[in-house]
Structure formats: C-alpha cells, structure tokens
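Visitor: mind folding the following:
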Amino acid sequence: MKKIVLFLAMTLPLFVLAQDKAGIITYVETIKMDWKPPADLEPEMKAQIEEMRKHMPKSISNYRELAFNEEMAYYHVSPKQAEHEEQLNANGGGHRGGRMMRMMGNADKKHHLNLKKNKYVEKVEFFGRDFLIKDEPIAHEWKIIGEVKEIAGYQCQKATAMIDTTEIVAWFCPFIPVSAGPDGVGKLPGMILELVLRDGSVTLSAESVEVKAVNSDDYDVPKGGKTVSRTEFETIRDEKIAEMREEWKNRRKEGGGGGPRHIRVETH
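Guide: Numbers count the residues shown, from 1 in each chain. Here you go, the predicted structure:
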C-alpha cells in the first residue's frame, strides 16, 4: 500500500500536466518455443516431437504496432516485421516460427477497438480461412499491484489477472490515459506497455512510443471472413486442433508419416 501511495504522490503532478493521448507504439513479441507434447501421446510420437524441438529456435520474435487515440486502438503487424524477417533470412536463420504462426492464424491478425462504442473486431486467418471476430472487449478482473518499472521511457504499474488457471501480467502507463493494449487486452487506467501471457511463454513489450496525432479514418475496421463471436471462434479452433491431433495419431497407427495434413475449416 505504501508503494502505491508513493507512486501516486510522485507521478500525479506529471500525470495531470503531461498525458499522451495519441500515437504509435511498437511492440516486440517474444514467444518461447518450449511447448511440450501432451502426457497422453504415444511414446513414439513424443520422441518424434522431442527430436523436432532440438532443431527449433528457443524463441522467436516479431514486431507488432498499436496505433491509438482517444477514440480507437488498432493493433497489427509492424512495418518493421518485413525487415526483421529479411535479416533473419540473411543470417541463415529463416523464419520457421513465423510460418508456424501463420498456419495457426497468429501472424497477420488485426484488432480494432472502438473505445467510444466499446466494440471489438479481430480478423484472423486459421488453417487457410478468414474469420471476423466481433465481440465486446474482454473485461479481465485486474488486480493492481504496487510495483513500478520503466518501459520505453515511461513509468508503468503492474496489474495481474487470471485466464482460467493461468496468470497474465500487464504493465500499464497512467501517462498514456487510453484503456487499451496489445493483442486486444486492455480495460486498465492507462495503456499497457508490456503484457506477459501463458505463464510467461509470450511477452509483448513496447520498444518505442511515438507521440503523434492519429487519424481514426486511417485505420479501417477489419472486414471479410466468417463473422463469429469470440466463444464461437474458440470452439472452432479447439475442435480443429483436436481433429488434427487425432488424425496425426491415426496416421501413426496406420504406419504413415507424422506430418499434419490440411484440415478443412468450414466457414458457413
């Protein structure tokens, strides 16, 4: 409690005088490639996956961008991503992780949050099909903690919440009084400049904050694809992942290769 009071006492005068209400934030998304096979997989399949893991990078990084003002927040792939992938290829590293993300529908997703109307639209590709997720923003039950740290030159405060049985950690900045953040997460009294998901396996951290005027009309609401709610999309995703896993098992039993086949996702 003393830390919270001290933080407010030190920052309140600055908060009143200097609030950044529009700009562009560039995030570095770091994904730890530490996925382990489920315990109920057959030993042979487990061994195959473990062998694949030996040749995978320990982590992959990607660049994301959030354009925001007092009316909206738009989250998408940063222009820096293309340069980043070119550099990886030039160094002989390739971008296997990027290909995996595209297959699972993570690389090119777009989020549009209308802060005035409290409406959220996300466009995502999943197994070759486009989906348009329309829903209200997720309202996590945040617990604000009296810890502070500097991110991209801004003082931020820590908050935590639970998603099912996993904890997420957000570092938000009261000096940017826009209730938004990366990957569609928000609903805190300030912009989220760092987000830690999936028990630490995914981290989105602001590399830079460029304060500038942002025109809402320059960031259209995503269109195209099958319109679903967040719950409906999660059901489709879980069913197809389970289907792929079952097909993999059956192919192994039949003596076929272990690689996944294309699985059709019905869009209507």
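
Visitor: low-confidence ranges in the protein?
Guide: For the chain, residues meeting the criterion pLDDT under 70 lie at 1-18, 35-38, 40-41, 55, 88-107, 252, 254-268.

Visitor: which residue ranges of it form helices?
Guide: Along the chain, the stretches classed as helices by DSSP state H are 2-17, 43-54, 80-90, 96-103, 230-253.

Visitor: in stretch 220-230, what's buried?
Guide: Buried residues in stretch 220-230, counted by 16 or more other Cβ atoms under 10 Å: 222, 225, 226, 228, 230. Quick note: C-beta positions are derived from backbone N, CA and C, even for glycine.

Visitor: repeat that for stretch 137-151.
Guide: 137, 140, 142, 148, 151.

Visitor: with stretch 190-199 instead?
Guide: By neighbour count with 16+ other Cβ under 10 Å, stretch 190-199 contains the buried residues 190, 191, 192, 193, 194, 195, 196, 197.

Visitor: pull the contacting residues for the fourth one.
Guide: For residue 193, the residues meeting the contact criterion (Cβ atoms under 8 Å, 6 or more residues apart in numbering) are 25, 151-152, 154, 156, 171-173, 176, 181, 205-206, 209.

Visitor: next one: the second one
Guide: Counting by Cβ under 8 Å, 6+ apart, residue 191 makes contact with 25, 68, 172, 173, 176, 177, 178, 179, 180, 181.

Visitor: restricted to strands, list the contacts of residue 193.
Guide: 25, 151, 154, 156, 171, 172, 173, 205, 206, 209 (DSSP state E).

Visitor: can I assume the third one is in contact with residue 208?
Guide: Spelled out, that is residue 154. No - in this structure residue 154 lies outside contact range of residue 208 using Cβ atoms under 8 Å: 10.6 Å.

Visitor: who has more neighbours out of these two?
Guide: Neighbour totals were compared for residue 154 and residue 208, and residue 154 leads with 19 against 14 (other Cβ atoms under 10 Å).

Visitor: that one bridge partners, please.
Guide: Note on residue 154: beta-bridge partners by DSSP bridges are residue 151.

Visitor: okay, which residue is most central for this protein?
Guide: The geometric centre of the chain, computed from its C-alpha atoms, lies nearest to residue 183 (Cα atoms, centre = their mean), at 3.8 Å.

Visitor: who are the contact partners of that residue?
Guide: Each residue near residue 183 by Cβ under 8 Å, 6+ apart is listed here: 64, 75, 111, 195, 197, 204.

Visitor: related to what we said a few turns ago, how about the contacts of residue 193, which pair is most distant?
Guide: Pairwise distances across the contacts of residue 193 peak at 14.8 Å for 176 and 205 (criterion: Cβ to Cβ).

Visitor: for residue 33, which residues are in contact?
Guide: Contacts of residue 33 by Cβ under 8 Å, 6+ apart are 53, 56, 57, 58, 59, 60, 97.

Visitor: farthest-separated two in the residues you listed?
Guide: 53 and 60 (13.3 Å).

Visitor: residue 87: which of the buried residues of stretch 190-199 is nearest?
Guide: For the buried residues of stretch 190-199, the nearest to residue 87 is residue 194 (23.6 Å; Cβ to Cβ).

Visitor: which residue sits closest to that closest one, ignoring its sequence neighbours?
Guide: residue 171 (4.1 Å; Cβ to Cβ, 6 or more residues apart in numbering).

Visitor: what is the burial count for the one you found?
Guide: Residues within reach of residue 171, counting by other Cβ under 10 Å, total 26.

Visitor: wait, what's in contact with it?
Guide: With Cβ under 8 Å, 6+ apart, residue 171 has these contacts: 149, 151, 156, 157, 158, 159, 192, 193, 194, 195.

Visitor: between these, which is closest to residue 123?
Guide: Nearest to residue 123 among the contacts of residue 171: residue 195, at 20.0 Å, using Cβ to Cβ.

Visitor: thinking again about what came up before, in the sheet, who's paired with the residue nearest to residue 194?
Guide: Here residue 171, judged by DSSP bridges, has bridge partners residue 158, residue 194.

Visitor: distance check, it against residue 179.
Guide: 14 Å (Cβ to Cβ, to the nearest Å).
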